[in-house]
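>>> Mind looking at a prediction? Sequence and model below.
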Amino acid sequence: MQDFSYVSAQTVSEAVSLLDENGEKARILAGGTDLIVQVREARRDVGLMIDVKSIPEVNVLDYDDDAGLTLGAAVECYKIYAVDAICNAYPGLIDATKIIGGTAIQGRAGVGGNLCNASPAADCIPPLIVLGATCVIAGPNGERELPVEHFCTGPGQTALEKGEMLVSLKIPAPASNSSSFYLRFIPRNEMDIAVVGAGASVTLDAAKQTIVSARIALAAVAPTPLFAEEASELLAGREVSDAAIDEAAQAAQAIARPISDMRGTAEQRTHLVGVLTRRALNGAIQRI
Amino acid sequence: MAEKKEYKVIGTRPIRHDGVDKVTGRALYGADFQMTGLLHGRVLRSPHAHARIVSIDTSRAEAYPGVKGVVTAQDLPEAEDRVADLGEGAVNLKYLCDNILASDKVLYTGHAVAAVAATSPHIAEEACKLIDVEYEVLPPVMEVRQAMEADAPLLHENLKTTSMGETAEEPSNVASHIQHKLGDPDKGFAEADIVVERDFVTGTVHQGYIEPHNATAHFNQDGQLTIWCSTQGAFTVREQVAEILQYPISKIKVVPMEIGGGFGGKISVYIKPVAAMLAKKTGKPVKVLMSRSDVFEGTGPTPASYIRVKMGATKEGKITAAEAYLAFEAGAYPGSPVGPGAMCIFAPYSIENLVIDGYDVVVNKPKTAPYRAPGAPNAAFGSETVLDEIAEELGIDPLEIRLLNGAKEGDRRADGPVHPRIGFIETVETAKAHPHYTAPNGKKHHGRGVASGYWFNIGLESSVTINVNADGTINLVEGSTDIGGTRSSIAMQAAEVLGIPAESVNPSVVDTNSVGYTAVTGGSRTTYATGYAAYEAAQDVKRKMITRAAKLWEVDEDNVQFADGEFSCINGKEEQISFRDLCGRLGQTGGPVVGSGTVNPGGAGGAYATHIVDVVVDEETGKVDILRYTAVQDAGKAIHPSYVEGQIQGGAVQGIGWALNEEYIYNDEGTMTNASFLDYRMPTCLDLPMIDAVIVEVPNPGHPYGVRGVGEVPIVPPMAAIANAIYDAIGIRMTELPMSPDRLLKAMGKI
């Protein structure tokens, strides 16, 4: 392991200028549950760690029934699932925060870090996509916003430009008669990274018979988490039925481009996309 | 059954002697070891599965600030000349040395090539990157059947198959062929009403001990070498290091630190000689720690195997003949446990006609090491699955067919020995009567399976010294590293002899200079053999204490009796003194009392186990969950039942891992892609029900208290039991391990 420097940034602008000055060698340190392991295992060469945990903007956790959720990029998982209103509004996100690592990891790791690590298998990203989250990004040229499904560009790669950092995530307030669900397939019951992950959000009509809208997102079946746009759209206006859900599951399978690796084979993953998409949709509907 | 003996200490459950230190974090492990001037060593490992080393240039690493020394195979004494001295059957020293640091070829990804000692572990790690190794990459041979093909690339140009005393003319990857035969198999199969023959494949699995290997070595100015390390046997470390470094054993002291698991994997040495070489080169103490990936890639797992089993039976269920073909991957150098696999495969049964062929085959994977009943689990996966199929075809209850064919005292094992009193039938009867076996099991995708297993257990040398203290306690000095509670199970046997509580014994595991020769903690031998030595040492103490009492009372020794911790005079005088009080009077009766016991017992008793498992299969994902698990085992006599139960549970759990998810996954270049606990999937507590351990006690006639070994046999039945349960759940026979979700999906035709 090479020596590296550490700075505890106090403001967004300080962090942004440090990032801008140091380029590729600088990395944001939030929970560190990915970064520190990567450095120790020589999988990432880091010259400067910029600790952002003292910056107020990245620690915001603010939920309002009308405005929705503002989630600072460094807020740890355990703080999120401790708030009942957030659990009620975004159960799919809570599903993910409760299966990232064990209790100790959830005390350090956060949703923002999970997003910035940009693993194709990240558990938090499909729920963020199906909940319509927006990334608030600060950079040398000020602030910009980006829908979360455009944030990841490849394994470990993001849309962040030189000098940019994720400040927070904004998730709109849930519509009435809606809910969300996330699940992953792992061979054990814990300790594993998703072989496939699937998230779904569903909004039903007042009679809870017809799907008004739905969003489906997948993990670990492509270089980035995927928003299954066609599969989502074909559910709009459909009666809640096994047939509709099967069709959506097949459409989700059609966009999967999985690889075979030590966590699973491509055929297994494609098959599981169908199984998990059905389970995620049914799970979300049952929660409404 | 023999009359049940009454014991005061044996069979109770005292708090283990090393327990408080371990649960409070005070116990000292090898990685905790500190010393002034300590350097840190790091090993450079091969990125290729099979390659010739063209050159190694260490100059850039040596010049790196903080680096104090670099070693390669060039720093080892020349190995070739010493092979002959060791004799046939002994360890081939060239292979042993080449596995420590590769000389001409690397034979697996992770093979050690060079090592650096530096002032910090980070510097040592960085310096390893500066060692320039030029390789000529060769095609890897990654699977046993592929390795046995005539045109397979050769790992060793001079390796020629030995078979029944003959050596082949041409080199191959098959190191040896063994065969055991009883009766007339052809005649037996002809008599059968049903014959089932199946092929099986098992994956490479690791012991997965929680503590990585570690070693700190230091040379004193007078050439005395001390090694502090994690090992299953300090004396075997001394022997191996002496052979590899060509250094006298009298100049080597090995200090065993606490050990965080071994399961057979901490008998072979890897970094211990390397630490010693670095210590010699730098003149400083050097500590070498492995990372988890070093452990997976650079130490011995247990072999993958290809197995074919054929069994025939009459329609009444009597087995008439059995045949097995076992091809085991030895890894980079010969020495797979195919021998024990062949010894154990049909050992639960009395079969008149059988033939077993075993092949030891080298492949480009780490040299295999023992793992809990080495060889037997692979073999039993085949035989116990085939027997289940026969029982099902014949409509006979699977436990009933085991009772019908079960081996008993006087039956002959395939490899020759005749069974003494054994407890196989008792394990099956106990399983059959267990509420688990009679509980309803009819839900969709739920299944129940059973399987049995055998392990022969071993004796070997052990030494124990007992020093008697003035306050009535004893210090018990032993050389068996304590992996599973053996300090207590050994101490309890001495306590029983002396009529004192277990708490009055202070057991210590000491270094190789401080106790007589003691073989490894392995082969389920420690409570048996070192316990036997403790029994003998306590008898020695008892005899000496009787002499002291006789002296005290001025009577003949014959007039002193010892019972229940009290010495009494049986003739003439009305004298009585407790063990404790007599301890306080040793000074005036002749000085300290020291007892010793040394053994090499030949009466190790074979152990049997019968397991019952319930599973549920998720038909959409292929995932198998274990719902209920009952493991019945003959312990002979359970000295400390809690630790017997612990061994049974641990063995069953490791078997569950082996059955469901554990395997080395390799890419096309022969590199392991899952060398971490994240992706090498051992079961966690969330994957397991409480394992119900049921102890059966059929005393071993070869031990004063009837002890059999308990640590190994519980890993033998789980794979077949789970395969049989999966069949019961979904009607598909799984013949490849692990039975992971993707394999189940394939078998079910879902992908």
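Cool, the structure landed.

>>> In the stretch 101-250 of chain A, what residue comes closest to chain B?
A:Asn189 (4.1 Å; C-beta to the nearest C-beta). The way it works is simple: take the backbone N, C-alpha and C, and place the C-beta from them, glycine included.

>>> residues contacting that residue?
B:Asp625, B:Thr684, B:Leu686, B:Asp687 (C-beta atoms under 8 Å, 6 or more residues apart in numbering or on different chains).

>>> Go ahead and confirm the last one touches B:Lys623.
No: look at B:Asp687 against B:Lys623 with C-beta atoms under 8 Å: they stay out of range, at 10.2 Å.

>>> Walk me through the domains of chain B.
Following automatic domain parsing, one finds the domains of chain B at B:19-26+B:459-599, B:33-138+B:211-260+B:266-298, B:305-457+B:605-747.

>>> Report the mean confidence score over the longest one.
So the one you mean is domain B:305-457+B:605-747. Computed over domain B:305-457+B:605-747, the mean pLDDT rounds to 97.

>>> Work out the gap between it and the centre of the chain.
Here the centre of domain B:305-457+B:605-747 is set off from its chain's centre by 15 Å, with C-alpha atoms, centre = their mean, to the nearest Å.

>>> is any part of it close to chain A?
Yes: shown here: domain B:305-457+B:605-747 in contact with chain A (C-beta under 8 Å from any C-beta of the partner chain) through B:620-623, B:625, B:660-661, B:665, B:673-674, B:677-679, B:681, B:683-684, B:686-687, B:740-742, B:745.

>>> Which of those residues fall within strands?
B:Asp625 (DSSP state E).

>>> after the longest helix anywhere in chain B, next one along is what?
The residue-count maximum for a helix in chain B (DSSP state H) belongs to helix B:531-553. Next along the chain after helix B:531-553, taking DSSP states H and E as the criterion, comes strand B:560-563.

>>> Does anything pack onto the helix or strand just after that next one? Which helices or strands?
Later in the chain than strand B:560-563, the nearest helix or strand by DSSP H and E is strand B:566-569. Packing partners of strand B:566-569 (3 or more C-beta pairs under 8 Å, 6 or more residues apart in numbering or on different chains; DSSP states H and E): helix B:531-553, strand B:560-563, strand B:576-578, helix B:579-583.

>>> chain center to strand B:566-569, what's the gap?
Using C-alpha atoms, centre = their mean, the distance between the centre of strand B:566-569 and that of its chain works out at 44 Å.

>>> What is the neighbour count of the residue of the stretch 1-150 of chain A found nearest chain B?
Proximity of the stretch 1-150 of chain A to chain B (C-beta to the nearest C-beta) peaks at A:Met1, 4.7 Å away. When neighbours are counted by other C-beta atoms under 10 Å in any protein chain shown, A:Met1 registers 15.

>>> just the one 3 residues further on next, same as before
Here the number of neighbours of A:Phe4 (other C-beta under 10 Å) works out to 14.

>>> List the contacts of the closest residue to it other than its chain neighbours.
Among residues not flanking A:Phe4 along the chain, A:Val46 sits closest, at 5.1 Å (C-beta to C-beta, 6 or more residues apart in numbering or on different chains). A:Val46 is in contact with A:Phe4, A:Lys25, A:Ala26, A:Arg27, A:Leu35, A:Gln38, A:Val39, counting by C-beta under 8 Å, 6+ apart.

>>> Let me see the ranges of the helices in the stretch 651-751 of chain B.
Ranges of helices within the stretch 651-751 of chain B are B:718-730, B:741-747, based on DSSP state H, counting those that start in this stretch.

>>> Pretty sure B:Ser336 sits against B:Lys365.
No: using C-beta under 8 Å as the test, B:Ser336 is too far from B:Lys365 to be in contact (10.6 Å).

>>> if we can go back for a sec, quick one: residues contacting the residue of the stretch 1-150 of chain A closest to chain B.
A:Val39, A:Arg40, A:Ala42, B:His122, B:Glu125, B:Glu126.

>>> Please report the distance of the fifth one from B:Ile56.
Just to be clear, that refers to B:Glu125. Distance check for B:Glu125 against B:Ile56: by C-beta to C-beta, to the nearest Å, it reads 18 Å.

>>> B:Pro171 against B:Leu155, yeah?
No: taking C-beta under 8 Å as the definition, B:Pro171 is not a contact partner of B:Leu155, at 9.6 Å.

>>> Return a PyMOL selection command for the buried portion of the residues of domain B:305-457+B:605-747 next to chain A.
Buried residues among the residues of domain B:305-457+B:605-747 next to chain A (16 or more other C-beta atoms under 10 Å in any protein chain shown), as a PyMOL selection:
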select buried, chain B and resi 620+621+622+623+625+660+661+665+674+679+681+683+684+687+740+741+742+745
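
>>> before we move on, the earlier item: shared neighbours of B:Ser336 and B:Lys365, which are they?
Common contact partners of B:Ser336 and B:Lys365 (C-beta under 8 Å, 6+ apart): B:Glu329.

>>> one step back: by neighbours, which of the contacts of A:Val46 wins?
Neighbour counts for the contacts of A:Val46 peak at A:Ala26, which has 23 neighbours (criterion: other C-beta under 10 Å).

>>> Quick one, grab the pLDDT at that one.
According to the prediction, A:Ala26 has pLDDT 97.

>>> if we can go back for a sec, show me the contacts of A:Met1 that map onto helices.
With DSSP H as the criterion, helices contain A:Val39, A:Arg40, B:His122, B:Glu125, B:Glu126 from among the contacts of A:Met1.

>>> Would you mind measuring from the last one to A:Gln38?
When distance is defined by C-beta to C-beta, B:Glu126 is 17 Å away from A:Gln38.

>>> The lengthiest helix in chain A - what's its average pLDDT?
For chain A, the longest helix by residue count, based on DSSP H, is helix A:266-287. Here helix A:266-287 scores 98 as its mean pLDDT.

>>> Where do the helices of the stretch 51-200 of chain B begin and end?
Going by DSSP H, counting those that start in this stretch, the stretch 51-200 of chain B shows helices at B:59-63, B:93-100, B:121-128, B:144-148, B:185-191.
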